[in-house]
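[1] Sequence and predicted structure are below.
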Amino acid sequence: MKNTIERSFEIKDYRIDETDFGDFWMNFENKEKLSVKITYIPKEKSKFTKNDVNRIISCIIEKSKYFKENLPKNIGVNVLFKNLGEKCFKPEENEIKDLEIKEMDEISVMFYFTVLYHI
């Protein structure tokens, strides 16, 4: 069934080195849309440095590309960076413009998996 979202990836697929989950939940909004909310927090320190934030953003972008590559072609993946100016990323793009990188206590993202068209 390529016109519905039947599964998501495993929790381990969302993990990033040197981070923990502050929040993690999945919501099947309907058979054509799944949202995954994740808040990444530092594992062994109180804040992410600017370098940490850059690295984590890069990891999230790579994860979204991995997800897109491993789903049927009609399933879209978008990532919304909740506390980085509400910037959205699509795996077919190569960068996010105008991100304000700063020290942060947490990085909150929403992964959206959506049926784009029916086949």
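    Good, I have the coordinates. Residues are numbered from 1 along each chain as shown.

[2] from here on, contacts and neighbour counts on C-alpha atoms
    Will do.

[3] which helix is the longest one in the chain?
    Determined from DSSP state H, the single longest helix within the chain is helix 50-69.

[4] what mean pLDDT does that one have?
    In this model, helix 50-69 carries a mean pLDDT of 93.

[5] Same question for stretch 85-103.
    77.

[6] go on, stretch 16-34?
    Averaging pLDDT along stretch 16-34 yields 93.

[7] Pull out the buried positions in that stretch.
    Buried residues in stretch 16-34, counted by 16 or more other Cα atoms under 10 Å: 19, 20, 21, 32, 33, 34.

[8] out of the residues you listed, what pair is the most spread apart?
    Spatial extent of these (Cα to Cα) is set by the pair 19 and 32 at 30.1 Å.

[9] Does residue 101 touch residue 49 like I think?
    No: between residue 101 and residue 49 there is no contact under Cα atoms under 8 Å: 9.2 Å.

[10] Would you mind measuring from residue 86 to residue 79?
    Note on residue 86: its distance to residue 79, by Cα to Cα, to the nearest Å, is 10 Å.

[11] Comparing those two, which residue is more hemmed in?
    The neighbour count for residue 86 versus residue 79, taken as other Cα atoms under 10 Å, is higher for residue 79 (23 against 14).

[12] Show me how far stretch 23-32 is from its chain's centre.
    13 Å (Cα atoms, centre = their mean, to the nearest Å).

[13] Just give the strands next to the longest strand seen in the chain in its sheet, each with its orientation.
    Looking across the chain with DSSP state E, the single longest strand is strand 19-30. With DSSP bridges as the test, strand 19-30 is paired with strand 33-42 (antiparallel).

[14] Is residue 9 in a helix, a strand, or coil?
    When classified by DSSP: H, G, I helix; E, B strand; the rest coil, residue 9 comes out as coil.

[15] Great, nothing more from me.
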